[in-house]
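Asker: here is a sequence together with a model predicted from it:
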Amino acid sequence: MFDTNVNVPPLSIFPGHARLVQQFIGTTGPGNIGTEEASVIDSILAIGFWLERSNKFVSGPLEDEDFLQYLQTLSLISANCPSPSLRYGAHALLSH
């Protein structure tokens, strides 16, 4: 998946991926972050790893509050997700 030659959409971790995380994770409240469907979390993490590997980090203004919210959400996924592989994936993306 990562080595294919496809047109890369105009997306970066900030603000694009951070907006995706905000739209799909924690929609029922901050106490439920990490309990979303495994397919949703897996998709969000896969896009994040793809962007991280493509060196697509920041393409616009980055506010401290937005950055900290993004990190906190990934941290809560790594703590609350019932799937060990998704918890590890969230931790790895957070660490990068």
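Answerer: Arrived safely. Fair warning: this is a prediction, and the values are worked out from it, not measured in the lab. Numbering: from 1, shown residues only.
Asker: can you name every helix or strand that the host helix or strand of residue 51 contacts?
Answerer: Element membership of residue 51 [criterion: DSSP states H and E] is helix 38-53. Other elements packing on helix 38-53 under the criterion 3 or more Cβ pairs under 8 Å, 6 or more residues apart in numbering; DSSP states H and E are helix 16-24, helix 84-95. Yep, even glycine has a C-beta here, placed from its N, CA and C like the rest.
Asker: quick one: closest of those helices to residue 77.
Answerer: helix 84-95 (3.9 Å; Cβ to Cβ).
Asker: what's the spacing between the closest one and its chain's center?
Answerer: 10 Å (Cα atoms, centre = their mean, to the nearest Å).
Asker: C-alpha coordinates for that helix, PDB please?
Answerer: Presented in PDB, the C-alpha positions along helix 84-95 are these (Å, rounded to 0.1, in the frame of the first residue of the first chain):
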ATOM      1  CA  PRO A  84      -4.200  -4.400  21.400                       C
ATOM      2  CA  SER A  85      -2.900  -3.900  17.800                       C
ATOM      3  CA  LEU A  86      -4.900  -0.600  17.500                       C
ATOM      4  CA  ARG A  87      -3.700   0.500  20.900                       C
ATOM      5  CA  TYR A  88      -0.100  -0.100  19.800                       C
ATOM      6  CA  GLY A  89      -0.800   1.600  16.400                       C
ATOM      7  CA  ALA A  90      -2.100   4.700  18.200                       C
ATOM      8  CA  HIS A  91       0.900   4.700  20.500                       C
ATOM      9  CA  ALA A  92       3.300   4.400  17.600                       C
ATOM     10  CA  LEU A  93       1.700   7.200  15.600                       C
ATOM     11  CA  LEU A  94       1.700   9.400  18.700                       C
ATOM     12  CA  SER A  95       5.300   8.700  19.300                       C
END
